[in-house]
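Trainee: whatever this is, show me its structure:
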Amino acid sequence: MRRAPGASGAPIGGGDLHPVLERVYAARGVRSAADLDTSLARLLPVGTLEGIAAAVDLLLQHRTAGRVLIIGDFDADGATSSALMVRALRSFGFAVGFLVPNRFQFGYGLTPGIVSLAAARAPTLIVTVDNGISSNAGVAAARARGIDVLITVHHLPGALLPDANVIVNPNLGGSRFGSRALAGVGVAFYVMAALARRLEQAGLPATGGAAQLLDLVALGTVADLVPLDANNRVLVAQGLKRIRAGRCVAGIRALLAIAGRPAHDLTASDLAFGVAPRLNAAGRIDDMSIGIQCLLEDDLATAEPLAARLDELNRERRSIEARMQEVALGAVRCLADPGPGALQRSGVCLFDESWHQGVVGLVASRVKDRLRRPVIAFALADRASLRGSARSVAGIHIRDVLDSIATRHPDLIERFGGHAMAAGVSLERAKLDRFARAFDE
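Mentor: Here you go, the predicted model:
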């Protein structure tokens, strides 16, 4: 998986494209004919992602006598990352399991509570996927128990990194990796690809290598709405190719079938609107372990009941979301349409005691589209605390906004994390009004 040497920089279509098509390509970062090449040869080299070699070294220390536990996130990117890691490590001869936090009990990431739960399974190594970069306390708790920690994630780091054994993240400060747009599943794929290569070089089994995992990579990348830069286009195109050819996990086939999306002419939109919402519904309404298990099944007959359960949860999610949207939009009707000057105006915080914390992100996204300004929707985490999901607009980096608030008002936010367009935040219920004023500054 190395970039093709001397790739052509010739203009697309020899310079004879219609101006509209030129603008479409330009908006997608396609500047030459070479950018349309989605072969694996165009993938950024695995070894150029910082931390990869150290991650492989750490994993190999736990291959024969250790036990690896994957700690995932509760969205589709986290589910595909978890399934990818478990599938790969099992095929490479590792003892491996997975644990995904119940968002309603533990919240996001590798918290000390999750470490206590994980410790009952006696892991020698915890690997986070699509989370962990802000889990300073959780990493410290794991290390204090003698458990090694490998963080694989794509989220932006805070000022202080957790004291993990190894961190692999293309968005770390000083990274020179050619794509900062990798989803969590993309980072997991790169780590597993590097591990497969090292095992092959040592003459050890690495059944199938990493290419067989690209169906999961395509699904997670599309579901997480990361920019489809040149590298991500390769990952998605190759994954779609495998799915169309029927070379995908049984869980994806089952989800496509229940969504009424034929695999033979699959597009990225089918993953985005057919599969991803059903997978995400598990983490929003119930337990993402259902989604991960669906993606781990090899037998279609076993995957189908899990896909049916995910479909049922998605219908429930749509019903909850519709009721919440009605309340939210009713609350903002009194706000005048912000017009073209919206980016210079303030953000909006919304809260209702009846809201479901697994669905507030979708509500924030809908209201953001209506108001054209950043929105945070909050739900009760417990009687005294709130969890909010933020959605932003182009030009306003929502994680940086939260970081600025945390710096100016150190007592306001309990924890936060995320990236440019989406973030999560937790705070005390009694501090909501103060937070809303700070967010409105």
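Trainee: every contact and neighbour count from this point should use C-alpha atoms.
Mentor: OK.
Trainee: check which element follows the helix or strand Ala83 falls within along the chain.
Mentor: Following DSSP states H and E, one finds Ala83 within helix 76-91. Elements were assigned by DSSP H and E; along the chain past helix 76-91, the next helix or strand is strand 96-99.
Trainee: can you name every helix or strand that that next one contacts?
Mentor: Contact partners of strand 96-99 among helices and strands, from 3 or more C-alpha pairs under 8 Å, 6 or more residues apart in numbering; DSSP states H and E: strand 68-71, helix 76-91.
Trainee: and the longest helix for this protein?
Mentor: For the chain, the helix with the greatest residue count under DSSP state H is helix 300-332.
Trainee: and after that helix, which helix or strand comes next?
Mentor: Next along from helix 300-332, by DSSP H and E: strand 348-351.
Trainee: following that following strand, which helix or strand comes up?
Mentor: helix 360-371.
Trainee: of the helices and strands packed on strand 96-99, which is nearest Asn165?
Mentor: Distance to Asn165, taken as C-alpha to C-alpha, is lowest for strand 68-71 among those, at 14.0 Å.
Trainee: outside of that closest one, which residues touch it?
Mentor: 62, 82, 85-86, 94-101, 110, 118, 123-129 (C-alpha atoms under 8 Å, 6 or more residues apart in numbering).
Trainee: and what of stretch 267-282?
Mentor: The contact list for stretch 267-282 (C-alpha under 8 Å, 6+ apart) reads 74-76, 79, 219-220, 222-223, 236, 240, 252, 255-256, 259-261, 288-291, 310-311, 313-314, 317.
Trainee: give me that answer again for 6 Å
Mentor: Stretch 267-282 has contacts (C-alpha atoms under 6 Å, 6 or more residues apart in numbering) with 75-76, 222-223, 255, 259, 288, 291, 310-311, 313-314.
Trainee: distance of Pro178 from Thr48?
Mentor: Careful, residue 178 is Gly; it's not Pro. Counting by C-alpha to C-alpha, to the nearest Å, the gap from Gly178 to Thr48 is 8 Å.
Trainee: from Leu160, how far off is Asp229?
Mentor: Computed as C-alpha to C-alpha, the Asp229 to Leu160 distance reads 29 Å.
Trainee: tell me which of those two has more neighbours.
Mentor: The neighbour comparison of Asp229 against Leu160 (other C-alpha atoms under 10 Å) goes to Asp229, with 16 against 9.
Trainee: so what's the more buried one up against?
Mentor: Neighbour list for Asp229: empty [criterion: C-alpha under 6 Å, 6+ apart].
Trainee: and it, how far from Ala394?
Mentor: As for Asp229, its distance to Ala394 is 17 Å (criterion: C-alpha to C-alpha).
Trainee: cool, Leu160 as well?
Mentor: From Leu160 over to Ala394 the distance is 27 Å, taken as C-alpha to C-alpha.
Trainee: now the longest helix of the chain and helix 360-371, what's the angle there?
Mentor: Compare the direction of helix 300-332 with that of helix 360-371 by axes from the mean of the first three to the mean of the last three C-alpha atoms, to 10 degrees and you get 50 degrees.
Trainee: from Gly330, how far out is Ala183?
Mentor: Distance of Ala183 to Gly330, computed by C-alpha to C-alpha: 35 Å.
Trainee: so for the two, which residue has more residues nearby?
Mentor: Comparing Ala183 with Gly330 by other C-alpha under 10 Å, the one with more neighbours is Ala183, at 29 against 10.
Trainee: surely the more buried one and Gly220 touch.
Mentor: No. Between Ala183 and Gly220 there is no contact under C-alpha atoms under 6 Å: 7.2 Å.
Trainee: what about the strands in the stretch 1-150 of the chain?
Mentor: 68-71, 96-99, 125-129, 148-152 (DSSP state E, counting those that start in this stretch).
Trainee: ok, which of those comes nearest Ala303?
Mentor: strand 96-99 (17.8 Å).
Trainee: alpha carbons only: can I get that closest one in PDB?
Mentor: Extracted C-alpha coordinates of strand 96-99, given in PDB (Å, rounded to 0.1, in the frame of the first residue of the first chain):
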ATOM      1  CA  VAL A  96      -9.000 -10.500  22.100                       C
ATOM      2  CA  GLY A  97     -12.400  -9.200  23.200                       C
ATOM      3  CA  PHE A  98     -14.300  -5.900  23.100                       C
ATOM      4  CA  LEU A  99     -16.200  -3.700  25.500                       C
END
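Trainee: for that strand, give the mean pLDDT please.
Mentor: Averaged across strand 96-99, pLDDT comes to 96.
Trainee: which other residues reach that strand?
Mentor: Residues from elsewhere that reach strand 96-99 (C-alpha under 6 Å, 6+ apart): 67-71.
Trainee: which of these are buried?
Mentor: Buried members of the contacts of strand 96-99, counted by 16 or more other C-alpha atoms under 10 Å: 67-71.
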